[in-house]
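Engineer: Take a look and give me a structure for this.
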Amino acid sequence: MKLINLLIPFFISSYLFAKPNECNSYIIDSKDIIKVSFCDPNGWCKVKNKKSYIKKFLFNKISNHKYKLHTNISDRQKTYYYELDGGVINKYDRCISTQKKTKKIPIKKTILTNKNIYEKGLLYYKKKDFQNSYKLFSKIYLQKLMDAKFNFYYGHSAYKSGHYEMALASFERVEMAEPNNSRIKLEMARIYFKLEMYEDAELRFKEVLQNPTIPKNVRTNIELYLAKIANITKKSFTYVTANLDIFYDSNINFGSLDDEYNIGDNIFPTQDEVSATAMQLSGDMVNIYDIGSKNGYILKNKISLLINRYSNNASYNLGYLAYNPSLVYKIDRYLAEMEFGFDILTVANNIYMKTISFKPKVDISHTSSLKSSLYLKITDKFFKEKDLDAYQYELSYGLQKLLSPTSYVVGDLTYLFQNKKNGNRIDVDYDEYKIDLNYLNQFTPKYSWELYMDIKNRKYKNYSELFVSTRDDKSGTISSTFNMQLQKDLKLKIKALYNRSHSNQKVFSYKKHTLSMGVVKTF
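Structural biologist: Below you'll find the predicted structure:
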């Protein structure tokens with residue numbers, strides 16, 4: 001009995017002064033290690049696998065996604081978890097204990113609106129943290145079903161985080177708003193491929209190839225996908241692009257800017273500019289076949305043709321035929337291509353030049369929107385006039401930046417030099433530097449615009465006794481192209497070009513402009 005009398009006060013004391021267990025679930029002490037999923041720009045960190053948040057400034061980061069209370073926070077200075085409920089963060093800085101229950105006392109609230117969630121999701125998207133951007137966008141996508149821009153970000157985040165069905169649904173909503181957007185068709189084709197829906201993927205990839213304005217490296221990547229589909233379905237793949245144009249050329253003979261030029265004390269007249277209109281037929285036929293397995297070896301064969309016929313100026317008629325077989329290999333973000341070339345150029349229906357070339361090329365995807373390319377091209381030229389025969393070496397480096405889902409810019413820096421094989425001609429050996437820039441914007445589903453510019457400097461190596469100088473030509477070109485979608489596989493193309501060249505030997509200075517209009521058909 002005495003023992004019972006002694007224990008009763010102890011139990012009563014413990015009951016009155018102990019902290020309820022429910023309160024401890026909201027308290028963090030100095031021994032706890034908190035694992036977080038992400039931290040937002042406002043200083044809140046989401047606790048992994050819970051609905052709770054913590055204040056980032058109260059913690060030290062001890063490893064990736066792991067945090068611990070600052071060492072200068074004493075045991076009496078406890079901190080607490082914060083919870084999100086209905087778009088509101090309830091911040092619990094203390095607990096009030098009663099004998100019956102624990103009551104949580106919120107002292108401040110921060111409203112997380114759809115706009116806040118969208119902005120935070122977009123921040124993660126720009127940082128390429130697609131897992132978190134997908135999680136945040138998923139909270140508000142039902143309110144943004146008709147927002148094409150949001151659905152593109154949501155679809156891309158879903159694709160990158162492995163949620164292919166959700167990505168497909170998002171891009172389908174974008175396609176409804178922008179039915180001719182090639183970027184969306186490309187994204188959908190890739191998703192179909194991931195889902196092993198190969199017929200749908202092939203159809204979408206073919207639709208993208210019908211757009212003649214897509215960048216060359218994008219075209220090569222599509223060809224790789226089609227080759228894989230061909231290998232899976234046990235067939236090769238062939239597509240044809242044909243162009244028919246009528247154009248006007250103000251100076252088909254490159255007549256000089258000046259009416260006369262000097263050689264010593266003698267004055268000679270220059271050629272007058274000759275203008276003409278012409279019909280031009282050009283096209284490419286490409287066949288691809290997958291001969292590899294996982295990473296993608298493909299054999300690619302390309303035939304190009306150009307026929308140019310001037311009205312009343314048959315001596316300037318051109319013809320061109322090229323065959324380019326290549327072996328393409330892709331692994332991760334690298335794409336390597338080994339291309340060979342066999343070309344024939346005719347002037348006035350007579351063979352003027354034949355060439356054989358070898359061109360190794362590497363494309364690198366630095367990010368989803370930035371790519372670079374590097375190639376070396378070695379060409380052996382055979383002319384009708386044997387003293388023009390030469391070897392040409394070309395080295396080029398380029399960058400392609402995707403500015404938006406419907407626009408991109410490509411810049412290239414190229415150096416080439418040419419050396420004659422034999423003879424004494426002074427107009428064969430030269431060094432050349434060129435910078436070119438190409439910008440394209442598909443500003444509506446039906447219309448697109450392309451701008452091209454280049455600057456070139458060609459310096460010949462041999463001294464001219466006739467002109468008492470070494471020839472040095474500087475030239476520039478600018479062109480503008482307008483494209484309009486007429487049908488699914490038919491486009492109208494209107495192009496204007498201006499070219500001007502200045503030479504220290506005046507007879508070689510010229511200017512010209514061309515205007516063309518035609519259609520592009522894909523089969």
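Engineer: While we're on residue 485, how confident is the model there?
Structural biologist: The confidence metric pLDDT takes the value 86 at residue 485.
Engineer: do you know how far it is from residue 437?
Structural biologist: According to Cβ to Cβ, to the nearest Å, residue 485 stands 25 Å off from residue 437. C-beta: built from backbone N, CA, C; applies to glycine.
Engineer: same thing with residue 231?
Structural biologist: From residue 231 across to residue 437, the span is 37 Å (Cβ to Cβ).
Engineer: same thing with residue 514?
Structural biologist: For residue 514, the distance to residue 437 - Cβ to Cβ - is 19 Å.
Engineer: These two: which has the busier surroundings?
Structural biologist: The neighbour comparison of residue 514 against residue 437 (other Cβ atoms under 10 Å) goes to residue 514, with 18 against 14.
Engineer: Of all the residues in the helix or strand where that one lies, which ones are buried?
Structural biologist: Counting by DSSP states H and E, the element that carries residue 514 is strand 510-522. By neighbour count with 16 or more other Cβ atoms under 10 Å, strand 510-522 contains the buried residues 510, 511, 512, 513, 514, 516, 518, 520, 521, 522.
Engineer: For beta bridges, what are the partners of the fifth one?
Structural biologist: Taking DSSP bridges as the rule, residue 514 bridges to residue 249, residue 497.
Engineer: Hmm, it is touching residue 497, no?
Structural biologist: Yes. If you go by Cβ atoms under 8 Å, residue 514 and residue 497 touch, sitting 4.7 Å apart.
Engineer: before we move on, back to that, with pLDDT as extra columns, can I get the buried residues of strand 510-522 in TSV?
Structural biologist: Putting the buried residues of strand 510-522 into TSV (pLDDT from 0 to 100) gives the following:
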residue	pLDDT
510	93
511	94
512	95
513	95
514	95
516	95
518	95
520	92
521	90
522	85
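Engineer: Quickly name whichever of those is closest to residue 387.
Structural biologist: residue 510 (23.9 Å; Cβ to Cβ).
Engineer: what pairs with the closest one across the strands?
Structural biologist: Applying DSSP bridges to residue 510 gives these bridge partners: residue 256, residue 501.
Engineer: ok, now which ones touch it?
Structural biologist: Taking Cβ atoms under 8 Å, 6 or more residues apart in numbering, we find residue 510 in contact with 251, 254, 255, 256, 257, 273, 500, 501.
Engineer: Could you find the closest non-adjacent residue to the third one?
Structural biologist: So that's residue 255. residue 273 (3.6 Å; Cβ to Cβ, 6 or more residues apart in numbering).
Engineer: And residue 423, its phi and psi?
Structural biologist: For residue 423, the backbone dihedrals (degrees, to the nearest 10) come out as phi 80, psi -180.
Engineer: Could you count how many residues lie near it?
Structural biologist: Quick note: residue 423 (other Cβ under 10 Å) scores 13 neighbours.
Engineer: can you give me the end-to-end distance of stretch 494-512?
Structural biologist: In stretch 494-512, first residue to last residue: 17 Å (Cα to Cα, to the nearest Å).
Engineer: Flag every buried residue along it.
Structural biologist: 495, 497, 499, 501, 503, 505, 507, 508, 509, 510, 511, 512.
Engineer: Where does pLDDT dip in the stretch 151-300 of the chain?
Structural biologist: Residue ranges of the stretch 151-300 of the chain with pLDDT under 70: 234-235, 264-265, 292-296.
Engineer: at 80 instead, please
Structural biologist: Within the stretch 151-300 of the chain, the segments meeting pLDDT under 80 span 177, 179-180, 196, 210-214, 216-217, 227-228, 230-237, 259-270, 290-297.
Engineer: So which residues of it form helices?
Structural biologist: Per DSSP state H, counting those that start in this stretch, the stretch 151-300 of the chain carries helices over the ranges 164-177, 182-194, 198-209, 216-232.
Engineer: ditto for the stretch 351-500 of the chain
Structural biologist: Using DSSP H, counting those that start in this stretch, no helices are found in the stretch 351-500 of the chain.
Engineer: so where is it shaky, pLDDT-wise?
Structural biologist: Along the stretch 351-500 of the chain, the parts satisfying pLDDT under 80 run over 368, 404-406, 445, 488.
Engineer: Kindly recompute the last result at 90.
Structural biologist: For the stretch 351-500 of the chain, the stretches flagged by pLDDT under 90 are 365-370, 401-408, 423, 441-448, 465-468, 485-490.
Engineer: who touches the residue nearest to residue 207 when sequence neighbours are not counted in this structure?
Structural biologist: Leaving aside its chain neighbours, residue 207 sits nearest to residue 185 (5.1 Å; criterion: Cβ to Cβ, 6+ apart). Residues in contact with residue 185 (Cβ under 8 Å, 6+ apart) are 175, 204, 207, 208.
Engineer: can you pick the most crowded of these?
Structural biologist: Neighbour counts for the contacts of residue 185 (other Cβ under 10 Å) peak at residue 204, which has 23 neighbours.
Engineer: That one and residue 184 touch, don't they?
Structural biologist: No. The criterion here is Cβ under 8 Å, and residue 204 misses it with residue 184 at 9.4 Å.
Engineer: Pick the most buried one from the helices of the stretch 151-300 of the chain.
Structural biologist: Burial of the helices of the stretch 151-300 of the chain is given as mean neighbour count (mean count of other Cβ atoms under 10 Å); helix 182-194 ranks first at a mean of 23.
Engineer: what angle do that one and helix 164-177 make?
Structural biologist: Helix 182-194 runs at 150 degrees relative to helix 164-177, counting by axes from the mean of the first three to the mean of the last three Cα atoms, to 10 degrees.
Engineer: and helix 182-194, how far out from the chain's middle?
Structural biologist: Distance of helix 182-194 from its chain centroid, counting by Cα atoms, centre = their mean, to the nearest Å, is 14 Å.
Engineer: For it, output the C-alpha coordinates as PDB.
Structural biologist: The C-alpha coordinates for helix 182-194 follow below in PDB (Å, rounded to 0.1, in the frame of the first residue of the first chain):
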ATOM      1  CA  SER A 182       6.100  20.500 -87.400                       C
ATOM      2  CA  ARG A 183       7.700  20.500 -84.000                       C
ATOM      3  CA  ILE A 184       4.500  19.000 -82.400                       C
ATOM      4  CA  LYS A 185       4.300  16.400 -85.100                       C
ATOM      5  CA  LEU A 186       7.900  15.400 -84.400                       C
ATOM      6  CA  GLU A 187       7.300  15.200 -80.700                       C
ATOM      7  CA  MET A 188       4.200  13.000 -81.300                       C
ATOM      8  CA  ALA A 189       6.100  10.800 -83.700                       C
ATOM      9  CA  ARG A 190       8.800  10.200 -81.000                       C
ATOM     10  CA  ILE A 191       6.100   9.300 -78.500                       C
ATOM     11  CA  TYR A 192       4.500   6.800 -80.900                       C
ATOM     12  CA  PHE A 193       7.900   5.200 -81.400                       C
ATOM     13  CA  LYS A 194       8.400   4.900 -77.600                       C
END
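Engineer: what's the first-to-last distance across stretch 228-244?
Structural biologist: Start and end residues of stretch 228-244 are separated by 32 Å (Cα to Cα).
Engineer: Identify the residues contacting it?
Structural biologist: Residues contacting stretch 228-244 (Cβ under 8 Å, 6+ apart): 193, 198, 201-202, 205-206, 209, 212, 226-227, 279-292, 296, 493, 518-523.
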